[in-house]
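[1] Build me a model from this:
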Amino acid sequence: MAFNDLLWECRDNIGYLTLNRPQVRNALSLKTMEELAEAVSLAADPAVRVLVITGAGEAFCAGGDLRDIEAYVAAGNSLYDRMTGVARLVRTLAGLPKPVIAAVNGAAVGAGWSLALACDLIVASENAFFSMAFTRVGLVPDFGAHYFLPRLVGLSTAKYLVFTGERLGAREAERLGLVSLVVAPEALAETVEGLARRLAAGPPQALALSKSLLDRSLALNLEGVLEEEALAQALATGSADGREGMRAFLEKRQPVFRGR
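    Alright, predicted model coming up:
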C-alpha cells in the first residue's frame with residue numbers, strides 16, 4: 001500500500017512504519033492520522049511479529065499539525081469525529097497482539113509523545129526529548145495520554161507533566177520509567193533492529209498472552225491475575241511453540257518458533 005506521509009516496509013517479520021514529513025518534524029495532519037490508522041492495520045497481519053514506529057529526519061513527531069487542525073476547525077468543522085478516528089487508531093495500536101517499539105530519534109512532543117506512549121517499548125536516542133506541550137497551546141492531551149502516562153509514572157507526576165508541559169531529556173524520561181533504553185544517536189537504528197529481531201524470533205503466542213495480561217493487570221486483583229496466568233500457561237504449554245521451546249531447552253539448542 002502506498003502512502004503520502006508515511007513509509008511502510010515489512011522485512012524478516014518486522015514491520016517498519018516511518019512518519020515521513022521531516023519538513024514539519026513529522027507533525028500529524030488529519031490526513032497523516034488517517035494514513036497512520038491504515039498502516040497500523042497492516043501490522044495486524046500475522047506475518048508481522050514486531051512493529052517498529054519511528055520518524056524520518058531529526059524528529060520522531062512534533063505532535064499535531066496545528067495549521068491543518070486550525071484550518072479544519074475554522075472552516076466550521078468539529079474535531080470530535082476526527083478524534084473518534086484517533087481513538088480507533090490508538091485502540092488498534094495498543095491492542096496489537098505483538099510487541100510494538102517506538103524508536104524515538106528526536107523530538108516527541110504532544111501527540112508525538114502520546115503515540116510513543118501507546119507503544120510497548122520506547123528506545124530513545126540521547127538526543128530525544130519529550131513534552132506533553134498541549135496546555136501551552138490551549139489544548140488537552142490526546143492519543144490516549146491520559147491513560148498511558150499515569151500508569152507509567154503515577155498520577156501526581158502525570159499531572160505535573162501535563163499541566164506544565166515540561167520538557168524531559170531522554171535520560172530523565174528513562175529514570176522515570178517512560179523510556180526502556182537510551183542509546184547514542186548513531187546506535188539507535190542498529191539497537192532497535194537488534195531488539196526487534198530478537199522479539200520477532202520469540203514465540204508469538206506467548207508474547208501476545210503476556211502482553212494482554214500485563215495490559216490488563218492493573219484492572220485485576222491478585223486472584224484474577226493468577227487465574228489468567230493459569231489459563232495463559234495452559235495455552236502456551238499446549239501450543240507447538242511451547243513444546244518446541246521446552247524441547248529445545250532440554251536438547252540445549254536454540255528454539256525455532258513458528259507461531260503455532
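[2] Now Arg88: closest residue in space that isn't a chain neighbour?
    Among residues not flanking Arg88 along the chain, Ala37 sits closest, at 6.7 Å (Cβ to Cβ, 6 or more residues apart in numbering). For every residue, glycine as well, the C-beta is placed using N, CA and C.
[3] quick one: Ala37 and Ala87 touch, right?
    No - with contacts counted by Cβ atoms under 8 Å, Ala37 stays clear of Ala87, the gap being 10.3 Å.
[4] and the helix or strand hosting Leu51, what other elements does it pack with?
    Assigned by DSSP states H and E, Leu51 belongs to strand 50-55. Applying 3 or more Cβ pairs under 8 Å, 6 or more residues apart in numbering; DSSP states H and E, one finds that strand 50-55 makes contact with strand 14-19, strand 100-104, helix 111-117, helix 188-200.
[5] distance between it and the chain's centre?
    8 Å (Cα atoms, centre = their mean, to the nearest Å).
[6] The residue nearest to Arg88: what's it in contact with?
    Counting by Cβ atoms under 8 Å, 6 or more residues apart in numbering, Ala37 touches Gly85, Arg88, Leu89, Thr92.
[7] Just name the closest of those residues to Ser41, please.
    Nearest to Ser41 out of those is Thr92 (Cβ to Cβ; 6.3 Å).
[8] Over to the closest one. Which of the three states is it?
    Here Thr92 takes the helix state, with states given by DSSP: H, G, I helix; E, B strand; the rest coil.
[9] Need the nearest residue in space to it, chain neighbours excluded.
    Of all residues not flanking Thr92 in the chain, Val40 sits nearest, at 5.3 Å (Cβ to Cβ, 6+ apart).
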